[in-house]
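> Generate a structure from the sequence data that follows.
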Amino acid sequence: QVQLVESGGGLVQAGGSLGLSCAASGRAFRDYAVGWFRQAPGEEREFVAAISRSGGRTHYADSVKGRFSVSRDNAKSTTWLQMNVLKPEDTGVYYCAAEIRLFDGTYTSPRDYGYWGQGTQVTVSS
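Numbering: from 1, shown residues only. This next block holds a predicted model:
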């Protein structure tokens, strides 16, 4: 099993930047693919970004492509989501998720992940 703890959320003006981190503890982090998701009030949880076990593959939602960047350091058991040029529509609770995968791929559905952090709030003011 793995435990995930997100940090780094907050309030930022439109056009600004925030960096989120997701620290993992427990089983070898290198075995896990990681995804970032967000959920706005009254909305379903939506995919934001994903990174493969090795970190060699990444995938982004069209709405954040070119603005967000996902990375990881398996030696530090940590994943980061750097968010630039933030927009009010980026507001929501951001979650990191992880799942053991044999294949070094990226996964975009919440159903692909069995381990979730508690979430961190990101609010972008206009």
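> What residues of stretch 33-42 count as buried?
For stretch 33-42, a neighbour-count test (16 or more other Cβ atoms under 10 Å) marks 33, 34, 35, 36, 37, 38 as buried. Glycine gets a C-beta too; all of them are placed from N, C-alpha and C.
> OK, contacts around the nearest residue to residue 54 once chain neighbours are set aside?
Using Cβ to Cβ, 6 or more residues apart in numbering and skipping residues adjacent in sequence, the residue nearest residue 54 is residue 104, 5.2 Å away. Applying Cβ atoms under 8 Å, 6 or more residues apart in numbering to residue 104 gives the contacts 52, 53, 54, 56, 57.
> repeat that with 6 Å
Going by Cβ atoms under 6 Å, 6 or more residues apart in numbering, residue 104 touches 52, 53, 54.
> got those as TSV, with distance to residue 92, pLDDT and neighbour count columns?
Output for the contacts of residue 104, formatted as TSV (distance: Cβ to Cβ, whole Å; pLDDT from 0 to 100; neighbours: other Cβ atoms under 10 Å):
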residue	distance to residue 92	pLDDT	neighbour count
52	24	98	19
53	26	97	24
54	28	96	11
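> All good on my end, thank you.
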